[in-house]
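K.L.:
sequence-free structure coming up:
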Ligand SMILES: C[S@@+](CC[C@H](N)C(=O)[O-])C[C@H]1O[C@@H](n2cnc3c(N)ncnc32)[C@H](O)[C@@H]1O
Ligand code: SF4
């Protein structure tokens, strides 16, 4: 099976922490972009996709008539939206109107992922978000009224000046709404973002306390912690992302989108105009293609697999390349054996990048 990802790179305003390939002020390009997406989709046409993820950027900034074009290009080249076993639509609260929700659910989108980040309006302002917590509540209620039965909500922990108490207030309020899935990310200060330019630094110890408490409270509330940043009511784990963590193949359409087919990873240009131009000229929009093999491939497989809390079975090749490193992490308490599998320990969960470094090039043992 294949996953299908479609990137919508438009945002109303660029958030102060975000380094995703998304842009504000380019709305005039939306129709040309959708036309290019339709052309690119035709090159990949197949009926083998089982999960669909429309992400961004902010897909919910599209108008209903633009959403119609998006649905049409998926249905013409892949499957009816209702035939995907999971079809996720990513949205921001201020632009997810009842009209758009009704349209998307009528076509069979069966999962919505909404970026809330915080329930405190002063924190939202600091982040550069354009919505308030009231906008989120309105969108959430409208999703439920329209029959949405699988909703994910994103929160960020470790905001500048945020106390443990403030963060937990957001988390508890979210738990009280009972979404099926919750993602909690520790704030990353990315180079080139306004937060980076302002010299903001995260209090790592405080963030760790927030994430530890997140795990305790969400598990107590019945959520399954199944990936480093992801929690779900049993049966609501994201199928699309799980396929990615299991190193499955996927098609990525749009600017900045990556595809992974036949062991080759291809990456499209993040430049929206360049993407539209290249696709319009009948060329491909890829700026990078890489075929991973041997140690690099096995290492990458290990890194994505270990993000899942169930862990991974170590293959003979992985044992050959990384056996010493794996044993070292087990000895240091960052990895643990669980039957035939190896997984991150409680401690390893909070320093996962330290563990993952051992499995990406340049390798120490080469
Ligand atoms: C693809 S992004 C954006 C989706 C959507 N446009 C939004 O803003 O809600 C998905 C999620 O990644 C998280 N995220 C983005 N940048 C981050 C950063 N620098 N640190 C931590 N989390 C981040 C946010 O929680 C965000 O909702
Ligand atoms: S966090 Fe979301 S809304 Fe904000 S700039 Fe990034 S993609 Fe756009």
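P.N.:
Structure's in. What do you need? As the structure is a computational prediction, the values presented were derived from the model and not from experiment. Ligands and ions are numbered 1, 2, ... in the order given.
K.L.:
Do I have it right that residue 311 meets residue 342?
P.N.:
Yes. With contact defined as C-beta atoms under 8 Å, residue 311 reaches residue 342; the gap is 5.3 Å. Where C-beta positions appear, they are placed from N, C-alpha and C, glycine not excepted.
K.L.:
Residues of this structure that sit close to ligand 2?
P.N.:
Residues of the chain lying close to ligand 2 by C-beta under 6 Å from any ligand atom are 11, 14, 15, 18, 20, 22, 56, 57, 58, 92, 115.
K.L.:
Can you say which of those are buried?
P.N.:
11, 14, 15, 18, 20, 22, 56, 57, 58, 92, 115 (16 or more other C-beta atoms under 10 Å).
K.L.:
The nearest residue to the last one once chain neighbours are set aside in helix, strand or coil?
P.N.:
In this case it means residue 115. Excluding the flanking residues, the one nearest residue 115 by C-beta to C-beta, 6 or more residues apart in numbering is residue 154, at 4.7 Å. Put simply, residue 154 is strand when judged by DSSP: H, G, I helix; E, B strand; the rest coil.
K.L.:
Which strand residues bridge residue 154?
P.N.:
residue 115, residue 183 (DSSP bridges).
K.L.:
and if you look at residue 313?
P.N.:
residue 341.
K.L.:
re earlier: neighbours around the residue nearest to residue 115, how many?
P.N.:
Other residues near residue 154 come to 18 when the count uses other C-beta atoms under 10 Å.
K.L.:
which helices and strands sit right next to the one helix or strand residue 126 maps to?
P.N.:
If you go by DSSP states H and E, residue 126 is part of helix 121-127. Helices and strands touching helix 121-127, by 3 or more C-beta pairs under 8 Å, 6 or more residues apart in numbering; DSSP states H and E, are strand 111-117.
K.L.:
roughly how far out does the strand it packs on sit from the chain middle?
P.N.:
10 Å (C-alpha atoms, centre = their mean, to the nearest Å).
K.L.:
Is it positioned near ligand 1?
P.N.:
Yes. Using C-beta under 6 Å from any ligand atom, we find that strand 111-117 touches ligand 1 at 115, 117.
K.L.:
how about the closest residue to residue 159 other than its chain neighbours, what does it touch?
P.N.:
Nearest residue to residue 159, sequence neighbours excluded (C-beta to C-beta, 6+ apart): residue 123, at 5.4 Å. Residues counted as contacts of residue 123 (C-beta atoms under 8 Å, 6 or more residues apart in numbering) are 117, 159, 162, 166, 170.
K.L.:
Show the pLDDT at residue 123.
P.N.:
Residue 123 carries a pLDDT value of 98.
K.L.:
do the same with residue 361
P.N.:
For residue 361, the predicted pLDDT is 77.
K.L.:
Look at it and give its secondary structure.
P.N.:
Looking at residue 361 with three-state DSSP, the answer is coil.
K.L.:
what about the nearest residue to it once chain neighbours are set aside, neighbour count?
P.N.:
With C-beta to C-beta, 6+ apart as the criterion, residue 361 has its nearest non-adjacent residue at 5.7 Å, and that residue is residue 296. Applying other C-beta under 10 Å, we find 16 residues neighbouring residue 296.
K.L.:
What separation do you get for residue 296 and residue 195?
P.N.:
Here residue 296 is placed at a distance of 32 Å from residue 195 (C-beta to C-beta, to the nearest Å).
K.L.:
and the residue of the protein nearest ligand 1?
P.N.:
Residue nearest to ligand 1 within the chain: residue 115 (1.6 Å; C-beta to the nearest ligand atom).
K.L.:
got a list of what that residue touches?
P.N.:
90, 91, 92, 93, 153, 154.
K.L.:
now, among these, which is nearest to residue 188?
P.N.:
residue 154 (13.3 Å; C-beta to C-beta).
K.L.:
and the closest one, how far is that from residue 92?
P.N.:
Residue 154 is 10 Å from residue 92, by C-beta to C-beta.
K.L.:
Need the residues touching each of the two.
P.N.:
114, 115.
K.L.:
What are the boundaries of the helices in the stretch 1-150 of the chain?
P.N.:
30-44, 64-77, 98-106, 121-127, 133-145 (DSSP state H, counting those that start in this stretch).
K.L.:
Please apply the same query to the stretch 201-350 of the chain.
P.N.:
Using DSSP H, counting those that start in this stretch, helices in the stretch 201-350 of the chain cover 204-220, 239-245, 272-280, 294-306, 316-331, 346-350.
K.L.:
out of those helices, which comes closest to residue 6?
P.N.:
Of these, nearest to residue 6 by C-beta to C-beta is helix 239-245, at 11.4 Å.
K.L.:
What average pLDDT does the closest one get?
P.N.:
Helix 239-245 comes out at a mean pLDDT of 97.
K.L.:
Check which helices and strands that helix sits against.
P.N.:
strand 2-8, strand 49-56, strand 86-91, strand 224-227, helix 294-306.
K.L.:
got TSV for those, with mean pLDDT and distance to residue 63 too?
P.N.:
Formatted as TSV, those follow (pLDDT from 0 to 100; distance: least, C-beta to C-beta, whole Å):
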stretch	mean pLDDT	distance to residue 63
strand 2-8	98	12
strand 49-56	98	15
strand 86-91	98	14
strand 224-227	98	33
helix 294-306	95	35
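K.L.:
Can you lay out these as a markdown table showing distance to ligand 1?
P.N.:
Formatted as a markdown table, the helices and strands packed on helix 239-245 follow (distance: least, C-beta to the nearest ligand atom, whole Å):
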| stretch | distance to ligand 1 |
| --- | --- |
| strand 2-8 | 9 |
| strand 49-56 | 5 |
| strand 86-91 | 5 |
| strand 224-227 | 13 |
| helix 294-306 | 17 |
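K.L.:
Looking at the ones you listed, spot the one closest to residue 109.
P.N.:
strand 86-91 (4.8 Å).
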